[in-house]
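S.K.: 3D model of this:
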Amino acid sequence: MVGVAVSAAATPARAHRNPDCEARRDAYRDATGRGDRTHPGGGVGEEAAHRGCGVRSDVSPPKSLSAIWGVADAGTQSLIAEAHHAAMRDTLALLEQRVAATRVGHGGIARMPVVGVIATAFDHYDSRPADPQLHTHLVVSNKVQGEDGRWRSLDSRTLHRATVALSASYNAFLTDHTARLLDVAWVAVDRGKDRNTGWEIDGVPNGLLAEFSRRTTGGDASAGIAAATQRLIDGYVAEHGRTPSRTAVAKLRQQATLETRPEKELHSLAELTAQWRERATAVLGEDATTWAGHLLAQGAGQVRLRADDLDARQVEDIATVVLMEVANRRATWGRWNLHAEAMRQLMGLCFVTTGDRIAALDQIVQHAEAQSLRLTPGYDRPVPDTYLLADGTNRFQSADQVAYSSQDILDAETRLLQRSETEDAPRLTARLVARHTTRKIGGVALAPDQTAAIAATARSGLTLDLLVGPAGAGKTTALVSSAVNSLQ
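M.R.: Numbering: from 1, shown residues only. Here you go, the predicted structure:
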C-alpha cells in the first residue's frame, strides 16, 4: 500500500489506538485465551507477522509531501500528519467494509462478513538514508471475528487481490485531505513507461525531490535503487536477448531495493529536521521553512466536487478510459483492477468528502463492468437466503471474483489461433536445418532439445509457431543461434 505517516511528535514510533479495534482485541483474548504475544493487536512486530499472525503493509506518501513536512514549521507538520492519518483511516475503513472477510464451509467455499479487523500502526519519519519520509508500518491481524461471533482466519486471497486498489485509494484520499487542510494541488508526474503515473504537490521543485531521494538515486558512496535496477535490467537483456516485461521490471526493482538496503541508524527528529532544513536551503537558495510557508500560503483554490457533480456522460467517459488502460496491461481483469485504475483516473479531481469520492468511484466501476465482457459464468445453483446479498450476488461467488475481458482481446486471440493453424509459411528441408543447427555460435553448441525445437519450428510450415519452455531452458539462445546461422 502506498501512503503517508508520522505525527509531528518526536517519538520514533507511535501506535495508533482505536477503541473499536481494542474492543475486538479484548474479545479475541476472552474467546481464545490468547494474550498479546500471539496477536498483532497486542503489538506483535514484523517477525511474528511473518509466522502467519498477521499481514504487514507499509504506508508512505509521495515524496513531495514528505519533503514539505521535513522542512515546515511544527504547525504545518501537524496538519500534514493529520491528513495522512485521515487518509489511512479512510483506507482501513474501505478494507473493513469491502475487503475483510473470512471463509467457512468445505474448502472455504463461502466468503462471510466479519465484525472488523484488528490492526496496529506505527509511525516513522525517515528513510534508511535519513531522508524525510513519513511512513506507517501497519500490521493487520490474521484473526477476525465473524458476525456469528466465532474467530476465524482472515481471507488473505481477497486482501491480496485488493492491495493495489487500496494503495490507489489511499493516494486519492490523501489528495482530498491535503486540499482541505493545506489547500494544495497535485500534478501528474511521468515516471516512465514501466510505472504508473505518479502525483506530487504542485510547486515542489524536482531538485528538492532528488535531494531527499537518496534511497533511489544513491548517495554517500552507496548505490541507489535506480542504478541497481538498471544494472539488473541490463543483465536481463544480456541473458535473454530482449527487454524485460513490465512485470519483470517490477520484480527487478524489488530485487534492487533489497540489494541496496542500508543498515538502519537511529536519529532524533530534532537532529534530522535541522539537517533536512540545511540541505533544502542549499538546494532552494532560500530558507527552507520560509519557502514551505510561502508555498502553502499561495493556496490552490481547487474546486471540490460532490459525487453528483459528475454527469452520466463524464462518468461514462472516465469508465472508457479506465477500460482502455486496464486492457492495455492485461487480457483479463476483475473489480479490483477497475477500482485501482478508476482511483488513478480520479486523482486530478478533488472531492468534498471521502463518501463523495467513493460514490463517484462506484459509478465508474459499475459502467466499466457493464462495458466489459464477462467471462465467469453466473452462479446457477440454489442459494439459501443466508448466503444471498442485497446486490443480487451471493457469498459463494462475490463480485470481485468475476473475471472480465473485452471482445477486442478475444478477437485478437482468435486471429492468433487462426494464424497458428495456417500452414502456408515456407518449410526448410531437413538437410538445411541440420546444417544450421550443427554449427557452433561463439563456441557454444545447441543442446539436443534446442535442436529439436528449431527443427520442429523451421519445418512446420505454420504462419505462427509457439516455442514453450521454462525460464532458463534456452529458448532465446536456440532462436538467436538459428537466426545467426541463417544470416551466415
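
S.K.: residue contacts, the residue most central in space within the chain?
M.R.: Centroid check for the chain by C-alpha atoms, centre = their mean gives Val164 as the closest residue, at 3.6 Å. Each residue near Val164 by C-beta atoms under 8 Å, 6 or more residues apart in numbering is listed here: 336-337, 340. Using the backbone N, CA and C atoms, a C-beta is placed for each residue, glycine as well.

S.K.: all strands for the stretch 151-300 of the chain, in order.
M.R.: For the stretch 151-300 of the chain, the strands defined by DSSP state E, counting those that start in this stretch cover 151-153, 186-189, 198-201.

S.K.: dump these to CSV, plus mean pLDDT, mean neighbour count and distance to Phe122.
M.R.: Below are those laid out as CSV (pLDDT from 0 to 100; neighbours: other C-beta atoms under 10 Å; distance: least, C-beta to C-beta, whole Å):
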stretch, mean pLDDT, mean neighbour count, distance to Phe122
strand 151-153, 94, 16, 23
strand 186-189, 94, 16, 26
strand 198-201, 94, 19, 25
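
S.K.: turn these into CSV, including distance to Gly224.
M.R.: Output for the strands of the stretch 151-300 of the chain, formatted as CSV (distance: least, C-beta to C-beta, whole Å):
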stretch, distance to Gly224
strand 151-153, 39
strand 186-189, 18
strand 198-201, 17
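
S.K.: Gly105: which of these is closest?
M.R.: Ranking these by distance to Gly105, with C-beta to C-beta as the measure, places strand 151-153 first at 11.4 Å.

S.K.: same for that closest one, what does it pack against?
M.R.: Counting contacts by 3 or more C-beta pairs under 8 Å, 6 or more residues apart in numbering; DSSP states H and E, strand 151-153 packs against helix 19-32, strand 102-104, strand 143-145.

S.K.: you'd agree Phe122 is in a strand?
M.R.: Yes - Phe122: assigned to a strand according to DSSP: H, G, I helix; E, B strand; the rest coil.

S.K.: quickly list what it is bridged to.
M.R.: Counting by DSSP bridges, Phe122 is bridged to Ala15, His137.

S.K.: what about it, distance to Gly116?
M.R.: As judged by C-beta to C-beta, to the nearest Å, Phe122 and Gly116 stand 20 Å apart.

S.K.: thinking again about what came up before, the strands of the stretch 151-300 of the chain: which one's closest to Ser78?
M.R.: strand 198-201 (17.2 Å).

S.K.: pretty sure Val321 is in contact with Gln345, am I right?
M.R.: Yes - judged on C-beta atoms under 8 Å, Val321 makes contact with Gln345 at a distance of 5.8 Å.

S.K.: who has more neighbours out of those two?
M.R.: A side-by-side neighbour count of Val321 and Gln345, using other C-beta atoms under 10 Å, places Gln345 first with 20 against 15.

S.K.: helix, strand, or coil at Val365?
M.R.: Under three-state DSSP, the three-state class of Val365 is helix.

S.K.: going by distance to Asp449, which of the contacts of Val164 wins?
M.R.: Of all the contacts of Val164, Asp449 sits closest to Asn337, with 37.2 Å by C-beta to C-beta.

S.K.: pretty sure that closest one sits in a helix.
M.R.: Yes - counting by three-state DSSP, Asn337 is located in a helix.

S.K.: residues touching it, list them.
M.R.: Neighbouring residues of Asn337 by C-beta under 8 Å, 6+ apart: 164-165, 326, 330.

S.K.: ok, now how distant is it from Arg195?
M.R.: From Asn337 across to Arg195, the span is 17 Å (C-beta to C-beta).

S.K.: now, which of the contacts of Asn337 sits nearest Pro426?
M.R.: For the contacts of Asn337, the nearest to Pro426 is Arg330 (34.5 Å; C-beta to C-beta).

S.K.: ok, now how distant is that closest one from Asp380?
M.R.: Separation of Arg330 from Asp380 (C-beta to C-beta): 27 Å.

S.K.: next: His177.
M.R.: His177 is 44 Å from Asp380, by C-beta to C-beta.

S.K.: kindly report the same for Arg150.
M.R.: 30 Å.

S.K.: same thing with Glu265?
M.R.: According to C-beta to C-beta, Glu265 stands 60 Å off from Asp380.

S.K.: likewise Ile233?
M.R.: To Asp380, Ile233 is 47 Å away according to C-beta to C-beta.

S.K.: who has more neighbours, these two?
M.R.: Using other C-beta under 10 Å, the more surrounded residue of Ile233 and Asp380 is Ile233, with 18 against 7.

S.K.: doesn't Pro244 make contact with that one?
M.R.: Yes - under the criterion of C-beta under 8 Å, Ile233 makes contact with Pro244 at 6.1 Å.

S.K.: any residues in contact with both of those two?
M.R.: Shared contacts of Ile233 and Pro244, defined by C-beta under 8 Å, 6+ apart, are found at Leu252.
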